[in-house]
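Enquirer: got a predicted structure here, sequence first:
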Protein chains: 2
Amino acid sequence: MNQTILLKSRPQGTPQLSDFEFQKEAENLEITDGEILLETKYISVDPYLRGRMSDAKSYVPPFNLNEPISSGIVAQVKASKNNDFKEGDFVSGLLNWKTEQISNGQGLTKVSADLAPLSAYLGVLGMTGLTAFLGLQEIGKPKAGETLLVSGAAGAVGSVVGQLGKILGLRVVGIAGTDEKVALLKNDFGFDEVINYNTTPDMAKAIQDTCPDGVDVYFDNVGGPISDAALFSINRFARIIICGAISVYNKTELPTGLSVQPFLVKNSALMQGFIVSNYAEKFPEAIKQLSQWLSKDQLTYTETIVEGFENTPQAFLDLFSGKNKGKMIVKI
Amino acid sequence: MNQTILLKSRPQGTPQLSDFEFQKEAENLEITDGEILLETKYISVDPYLRGRMSDAKSYVPPFNLNEPISSGIVAQVKASKNNDFKEGDFVSGLLNWKTEQISNGQGLTKVSADLAPLSAYLGVLGMTGLTAFLGLQEIGKPKAGETLLVSGAAGAVGSVVGQLGKILGLRVVGIAGTDEKVALLKNDFGFDEVINYNTTPDMAKAIQDTCPDGVDVYFDNVGGPISDAALFSINRFARIIICGAISVYNKTELPTGLSVQPFLVKNSALMQGFIVSNYAEKFPEAIKQLSQWLSKDQLTYTETIVEGFENTPQAFLDLFSGKNKGKMIVKI
């Protein structure tokens, strides 16, 4: 019996389990010419999906109510009437939260279980790695010797950003929310300094102390008061990559904070919103580069793997309380 | 008797006349080899000078207490022992608020009273015009058919920005503070629409109404609530030039407002602080282009000219209550 997770209601503030609905369908999964039947293996849950659950104008259209949610998925081909795919192949792409589904193959990429663990194609070799690499390169324009500050540093994107900063010769300072994450980032990911924002009373001072030469590149995954605090340390010509604002995604009122304009004009600094899909033409080269670093062990990653299709909504909710270390993935 | 205006005290909040001190000096104005004696003709007063009156870290060093204030000045050579300048020449450059002063000529540009009125070299052919042109070009990257929103539109920079937008084929919407300014911008400067922020209760709606296709380029001279309101109309890939924040320069506490990050990330939008001196290598070409438009009457300008050296501090203070239309200049 095929299972599907639908969006039942648009979350008000923090999403609840009751915003999701499970459906068992006796769907006709007979494929016709050009189609493939896919069995879901790994589902990526990501903070940006929260935006698609609202009906506000954004860079991706909102999910429809009572229709399946979709996200990055690795699936295996169970049956094929498409010459590009054969039974047993693994593919990754934007697919529906279903245990089985039919596709015409468009937008899917074949991936190899020999080159990397399959879940990596949803993380360091998928949108996560591409977001980290292209956001840092295209907006951050990092130069060896500069200081890189990363918020949400223990998250999927942040932990890759920090490692890329080290590979490129920058001093890297992270911000995370538990001592365990701080230790992980320092010991396993090579961050120079990490600040625990939950135990630090004065974030502006802590950033100044850990970034004595100021901040040249700020990779911002969180927004809110942490990002306000970072403004006091930005250098002349600083580049601020706005990659996410997880701290405010569940707010029902528009968030307020320090006006950034005076800081930007004083420092001739740049702040730019980054959405990875705008850089699709750079994906192949970026994945090649990330694979090389991964194979040489210059790049490592952590995953939080939750087992069971039925736990997908909870895994998504746990992102907002910071329960994940690195990429959050559901294994079916 | 040579007169000088000194910075007597660092303004707390809005500057006061008592922050300035006049000094009459029986200074030795004898020039030696390589020097010229200059008589001040026109003094530029600019909002950015407020920043230099504080001792906070910024892109230009603060003025010293009990020393002369300096700004853009057009002066005439009264005597010369420098082969590059002869008696009667006019020069423009960063000079002190003095009726007469000695210079070695470094950093001064000879200007011609035949090509344009001398005061224009402090405005449309000076820092004002360069700020408008290079800010719009280098950060705004305007494309014909796009919508340009300009705050502080009746100010020195804003009124040039709007005209440049029209020359380049954009729809131009301005924001100004009196009906007289609104009429001037529409009738004399060719703005498509102008909003009077003092009589408009809902700025976000007014911007949405006057920019039905959204805002592609926002040239921001003011900061504060007006700039917050503009965020609701920015388009995908919008460029926001932070040129000034006159609404907050006199605040003694750090200004707060809407968090811009969610708007930037939703729209892949860019916000960048602009300081004209970072683009010095582009000045000659920019002045050439501006002169051409000026000579063809494609570009016009307004000045508010205050007479008398002794009125320089008051002219500066009047910038913050919006008493000027276009460039504020003191004629000696």
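Expert: On my side now, so go ahead.

Enquirer: so does stretch A:259-268 get close to chain B?
Expert: Yes - in terms of CB under 8 Å from any CB of the partner chain, part of stretch A:259-268 sits within range of chain B, namely A:S259, A:V260, A:Q261, A:P262, A:F263, A:L264, A:V265, A:K266, A:N267, A:S268. C-beta here means a position set from N, CA and C on the backbone, and glycine is covered the same way.

Enquirer: let's see which of the residues you listed end up in helices.
Expert: A:Q261, A:P262, A:F263, A:L264, A:V265, A:K266, A:N267 (DSSP state H).

Enquirer: how close does A:G135 sit to A:G326?
Expert: According to CB to CB, to the nearest Å, A:G135 and A:G326 sit 17 Å apart.

Enquirer: of the ones in helices among the residues of stretch A:259-268 next to chain B, closest to B:T210?
Expert: A:Q261 (21.7 Å; CB to CB).

Enquirer: and the closest one, how far from B:L254?
Expert: With CB to CB as the criterion, A:Q261 and B:L254 are 11 Å apart.

Enquirer: what of A:D19?
Expert: Note on A:D19: its distance to B:L254, by CB to CB, is 37 Å.

Enquirer: which one's more surrounded, those two?
Expert: Neighbour comparison, A:D19 and B:L254: the larger count goes to A:D19, with 19 against 13 (by other CB atoms under 10 Å in any protein chain shown).

Enquirer: which pLDDT value goes with the more buried one?
Expert: As predicted, A:D19 sits at a pLDDT of 97.

Enquirer: over to A:Y59?
Expert: pLDDT, read off for A:Y59, is 66.

Enquirer: re earlier: adding neighbour count, write the residues of stretch A:259-268 next to chain B out as a markdown table.
Expert: Shown next, in a markdown table, are these (neighbours: other CB atoms under 10 Å in any protein chain shown):
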| residue | neighbour count |
| --- | --- |
| A:S259 | 26 |
| A:V260 | 25 |
| A:Q261 | 27 |
| A:P262 | 23 |
| A:F263 | 23 |
| A:L264 | 26 |
| A:V265 | 24 |
| A:K266 | 21 |
| A:N267 | 20 |
| A:S268 | 19 |
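
Enquirer: close to chain B: what parts of the stretch 101-250 of chain A are there?
Expert: Going by CB under 8 Å from any CB, the residues of the stretch 101-250 of chain A near chain B are A:D220, A:G223, A:G224, A:S227, A:R236, A:I242, A:C243, A:G244, A:A245, A:V248.

Enquirer: of those, which pair is most distant in space?
Expert: A:R236 and A:V248 (27.9 Å).

Enquirer: the two: who's more crowded?
Expert: The neighbour count for A:R236 versus A:V248, taken as other CB under 10 Å, is higher for A:V248 (19 against 16).

Enquirer: the spatially most central residue of chain A and A:Q208, how far apart?
Expert: Nearest to the mean C-alpha position of chain A, by CA atoms, centre = their mean, lies A:T128 at 4.5 Å. Distance, A:T128 to A:Q208, by CB to CB: 30 Å.

Enquirer: tell me, how many neighbours does A:A183 end up with?
Expert: For A:A183, the count of nearby residues is 13 (other CB under 10 Å).

Enquirer: so it belongs to a helix, correct?
Expert: Yes - assessed by DSSP: H, G, I helix; E, B strand; the rest coil, A:A183 belongs to a helix.

Enquirer: figure out the helix or strand that A:K327 lives in.
Expert: Secondary structure from DSSP states H and E places A:K327 in strand A:327-331.

Enquirer: list the strands paired with that strand, with their directions.
Expert: strand A:36-44 (antiparallel), strand A:303-307 (parallel) (DSSP bridges).

Enquirer: for whichever helix or strand comes after the first one, give me every contacting residue.
Expert: Meaning strand A:36-44. Remark: after strand A:36-44, the chain's next helix or strand is helix A:49-53, criterion DSSP H and E. Outside helix A:49-53, the residues within contact range by CB atoms under 8 Å, 6 or more residues apart in numbering or on different chains are A:7, A:10-11, A:15, A:19, A:58, A:60-63, A:69, A:71, A:249-250, A:316, A:320, B:266.

Enquirer: ok, of those, which come out buried?
Expert: For the contacts of helix A:49-53, a burial check counting by 16 or more other CB atoms under 10 Å in any protein chain shown picks out A:L7, A:P11, A:P15, A:D19, A:S58, A:F63, A:I69, A:S71, A:Y249, A:F316, B:K266.

Enquirer: from the residues you listed, which single one is nearest B:T40?
Expert: B:K266 (50.1 Å).

Enquirer: need the strands paired with strand A:327-331 in JSON lines with distance to A:G105, mean pLDDT and mean neighbour count, can you?
Expert: Below are the strands paired with strand A:327-331 laid out as JSON lines (distance: least, CB to CB, whole Å; pLDDT from 0 to 100; neighbours: other CB atoms under 10 Å in any protein chain shown):
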{"stretch": "strand A:36-44", "distance to A:G105": "6", "mean pLDDT": "97", "mean neighbour count": "23"}
{"stretch": "strand A:303-307", "distance to A:G105": "27", "mean pLDDT": "95", "mean neighbour count": "16"}
